[in-house]
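Trainee: pasted the sequence and its predicted model underneath.
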Amino acid sequence: MKLSTKHLLGIKDLTKEDIQLILSTASDFKDVLQRPVKKVPSLRDVTIVNLFYENSTRTRMSFELAEKRLSADTLNFAASSSSAAKGETLLDTVQNILSMKVDMIVMRHSASGAPHFLSKQIDAAIINAGDGINEHPTQALLDAFSMQEKFGSLEGLKVAIIGDIMHSRVALSNIYLLKKMGAEVMVAGPPTLIPKYIKEALNVRVEYNVKNALQWCDVANVLRIQLERQNQPLFSSLREYNLAYGISKKLLDSIGKEITIMHPGPINRGVELDSDVANGTNSIILNQVENGVAVRMAALYLLRPQNND
Amino acid sequence: MKTILSHHQLGITIKRLAHQILENHLELKDTVIIGLQPRGIFLSDKIVEEINNILDPSLIKYGKLDITFYRDDIRKQLHTANKTDITFSIENKQVVLIDDVLWTGRTIRAAMDALMDFGRPKKVELCVLIDRRFSREYPIQADYVGRAIDTFPNQKVMVYLNKKDKEESVELLEE
């Protein structure tokens, strides 16, 4: 068994079998993480650089922990405190790092397609930890793992992705993954934050009324408003967004059925999600974070360098 | 193809291995039995079944260990993992590892590494159904051996113990 790709650039490139292999391997690593010694020696001869050109808490720490749990050596790069601030290009930076005998690259970049560009220039395996508004594959995989853990299977599951769909790489990766695994997907939010032809392009349902979306779904994956990526006002105010599209306990109670609440973080409490919902019994937000380490261990393990001689 | 152990012989051998383990570990006090995934489990299941017939089953601590993440050929090929199921501490316990075939010794080397992550055992013993002599790549020997055989590297030992397998037996295949 092996993955059909050399890099993990996006869910778009993966087959259903790839996704199943990553999820089942993640489940084995989740077992490892429950043991007294939460560590295996699998990648002890591998060096990995975490190349973050954009801010991150969860993803970076989760990757770093996953690497350490696999016994890999890790290097951390934050653009703001590096020579990138002096004008060094992405390719130069990476080639310099690789000449220090680094085997794998985990990268986050604000430009969509940055890891794809890099994958054509260099040999090392690349894992995309988020590129602009394109994809965030490990987030979609950990979301899938968390849903599978709760519901047993993704087949036929109704998932509503609610919020800023336009600027969300989490949304796109989730849509690709859920469709490949046979789930039903709806995107919901204000029309200005939903790409125009998404229904035709990706074969998803579109809903502009959050209450209708909640009534339809088993799982609501709520997304953050990505103000840093919006260069023009797309809704009048955060308060108004919260009133029209935010998910409150009152709104959920009025639906009369249990809905699992997910959020990739960071949460803007009181904007897209109210605190009592984020902390409520149907929220699996912290399970997502826990599962993130196991899923990233699986991705790193499956993409590790191999000599086929 | 040559039969090493027929169905009938296999039954007797497994009974003997169970008795030999008990001989050294009366009542299995402070002893745990650990089968190695994936194919060692078929043998360890049968040995534990035999021991269950002799001892009170509640006395037996039996676990399963997967060594995929501890392998030394990780850069050469990809293996998919199986479940590890060890629900007890092995700290200060006597461990009997069970696998179907002992060949190069690499699996057992990895298994000992994996075992240490569950505690520091007092002693580790090895029980195998088939010992392929003169082909070891590490200084590892078994304490309980079903049948020791001499083989060439291009030969393959097939242990049919799985219920899905055809009749239970051990066979030697020429490549």
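Mentor: Noted; the coordinates are in hand.

Trainee: residue numbers of chain B in contact with chain A?
Mentor: Within chain B, the residues that sit near chain A (C-beta under 8 Å from any C-beta of the partner chain) are B:66, B:68-71, B:74-78, B:80-84, B:113, B:117-119. For glycine as for every other residue, the C-beta is placed from the backbone atoms N, C-alpha and C.

Trainee: narrow these to just the buried residues.
Mentor: Buried by 16 or more other C-beta atoms under 10 Å in any protein chain shown: B:66, B:68-71, B:74-75, B:78, B:81-82, B:84, B:113, B:117-119, out of these.

Trainee: so which of the residues you listed belong to helices?
Mentor: Mapping these onto helices (DSSP state H) picks out B:D113.

Trainee: which one of the buried ones among the residues of chain B next to chain A is nearest A:A188?
Mentor: Nearest to A:A188 among those is B:A81, at 38.0 Å by C-beta to C-beta.

Trainee: wait, what's in contact with that closest one?
Mentor: Residues near B:A81 by C-beta atoms under 8 Å, 6 or more residues apart in numbering or on different chains: A:T25, A:D28, B:D66, B:T68, B:F69.

Trainee: try it again with 6 Å
Mentor: A:D28, B:D66, B:T68 (C-beta atoms under 6 Å, 6 or more residues apart in numbering or on different chains).

Trainee: hmm, back to that, in strands, which of the residues of chain B next to chain A appear?
Mentor: With strands taken from DSSP state E, there is no overlap with those.

Trainee: thought A:R205 was touching A:A188?
Mentor: No. Using C-beta atoms under 6 Å, A:R205 is not in contact with A:A188; the gap is 8.6 Å.

Trainee: tell me the confidence at B:E167?
Mentor: For B:E167, the model assigns a pLDDT of 83.

Trainee: got the phi/psi numbers for it?
Mentor: phi -60, psi 140 (degrees, to the nearest 10).

Trainee: quick check: it touching B:S6?
Mentor: No. In terms of C-beta under 6 Å, B:E167 does not count as a neighbour of B:S6; the distance is 8.7 Å.

Trainee: looking at these two, which one has more neighbours?
Mentor: B:S6 (14 against 8; other C-beta atoms under 10 Å in any protein chain shown).

Trainee: tell me the contacts of the more buried one?
Mentor: Contacts for B:S6 were tallied using C-beta under 6 Å, 6+ apart; they are B:S169.

Trainee: B:L172 now?
Mentor: Taking C-beta under 6 Å, 6+ apart as the test, what B:L172 contacts is B:K2, B:I4, B:Q155, B:V157.

Trainee: which residues touch the first one?
Mentor: So that's B:K2. Neighbouring residues of B:K2 by C-beta under 6 Å, 6+ apart: B:L172.

Trainee: next one: phi and psi at it?
Mentor: The phi/psi pair for B:K2 (degrees, to the nearest 10) reads phi -130, psi 140.

Trainee: and chain A, what are its domains?
Mentor: A:11-136+A:292-303, A:137-289 (automatic domain parsing).

Trainee: host element of A:V49?
Mentor: If you go by DSSP states H and E, A:V49 is part of strand A:47-52.

Trainee: of all residues in chain B, which one is nearest the centre?
Mentor: B:D99 (1.6 Å; C-alpha atoms, centre = their mean).

Trainee: what's it in contact with, if anything?
Mentor: Applying C-beta under 6 Å, 6+ apart, the residues near B:D99 are B:L36, B:G40, B:V128.

Trainee: tell me which residues in the biggest helix by length in chain B are buried?
Mentor: What stands out as the longest helix in chain B, according to DSSP H, is helix B:7-24. Judged by neighbour count (16+ other C-beta under 10 Å), helix B:7-24 contains these buried residues: B:L10, B:T13, B:I14, B:L17, B:A18, B:Q20, B:I21, B:L22.

Trainee: can you check stretch A:136-151 too?
Mentor: Within stretch A:136-151, the residues scored as buried using 16+ other C-beta under 10 Å are A:136-149.

Trainee: what's stretch A:273-285 in contact with?
Mentor: Under C-beta under 6 Å, 6+ apart, the answer for stretch A:273-285 is A:S146, A:V222, A:I247, A:S248, A:K249, A:E258, A:T260, A:I261, A:M262, A:H263, A:I267, A:R269.

Trainee: separate out the buried members of these.
Mentor: A:S146, A:V222, A:I247, A:S248, A:T260, A:I261, A:M262, A:H263, A:I267.

Trainee: which of those residues sit farthest apart?
Mentor: A:S146 and A:S248 (22.7 Å).

Trainee: strands of chain B, start to end?
Mentor: Assigned by DSSP E, chain B shows strands spanning B:2-5, B:31-36, B:61-65, B:94-102, B:123-133, B:144-150, B:155-160, B:169-174.

Trainee: who does the shortest one pair up with?
Mentor: If you go by DSSP bridges, strand B:2-5 pairs up with strand B:169-174 (antiparallel).

Trainee: ditto for the second one
Mentor: Here strand B:31-36 has these sheet partners by DSSP bridges: strand B:61-65 (parallel), strand B:94-102 (parallel).

Trainee: could you export these as CSV, including distance to A:L172 and mean pLDDT?
Mentor: As requested, the strands paired with strand B:31-36 are arranged in CSV below (distance: least, C-beta to C-beta, whole Å; pLDDT from 0 to 100):
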stretch, distance to A:L172, mean pLDDT
strand B:61-65, 40, 95
strand B:94-102, 46, 96
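
Trainee: most packed of these?
Mentor: strand B:94-102 (a mean of 24; mean count of other C-beta atoms under 10 Å in any protein chain shown).

Trainee: now do the helix or strand harbouring A:F145: everything it contacts.
Mentor: Assigned by DSSP H and E, A:F145 falls within helix A:137-151. The contact list for helix A:137-151, computed with C-beta under 6 Å, 6+ apart, reads A:8, A:10-11, A:22-23, A:26, A:128, A:154, A:157, A:170, A:173-174, A:177, A:219, A:264, A:284, A:287-288, A:291-292, A:295-296, A:299.

Trainee: got it, and stretch B:33-48?
Mentor: For stretch B:33-48, the external contacting residues (C-beta under 6 Å, 6+ apart) are B:14, B:17-18, B:62-66, B:82, B:95-100, B:111, B:129, B:161-162.

Trainee: quick check: mean pLDDT across that stretch?
Mentor: 94.

Trainee: and A:P137, how far from chain B?
Mentor: For A:P137, the distance to chain B (C-beta to the nearest C-beta, to the nearest Å) stands at 19 Å.

Trainee: again, but for A:A201
Mentor: The gap separating A:A201 from chain B is 34 Å, by C-beta to the nearest C-beta.

Trainee: confidence score at the residue lying closest to that residue once chain neighbours are set aside?
Mentor: Closest residue to A:A201 apart from its sequence neighbours, by C-beta to C-beta, 6 or more residues apart in numbering or on different chains: A:P195 at 7.8 Å. pLDDT recorded at A:P195 is 95.

Trainee: hang on, A:P195 is in a strand, isn't it?
Mentor: No. Read with DSSP: H, G, I helix; E, B strand; the rest coil, A:P195 is coil and lies in no strand.

Trainee: residues touching the longest helix of chain B, excluding its own?
Mentor: By C-beta under 6 Å, 6+ apart, helix B:7-24 touches B:K46, B:I47, B:E50, B:I51, B:V96, B:C127, B:Y144, B:G146, B:E167, B:E168, B:S169.
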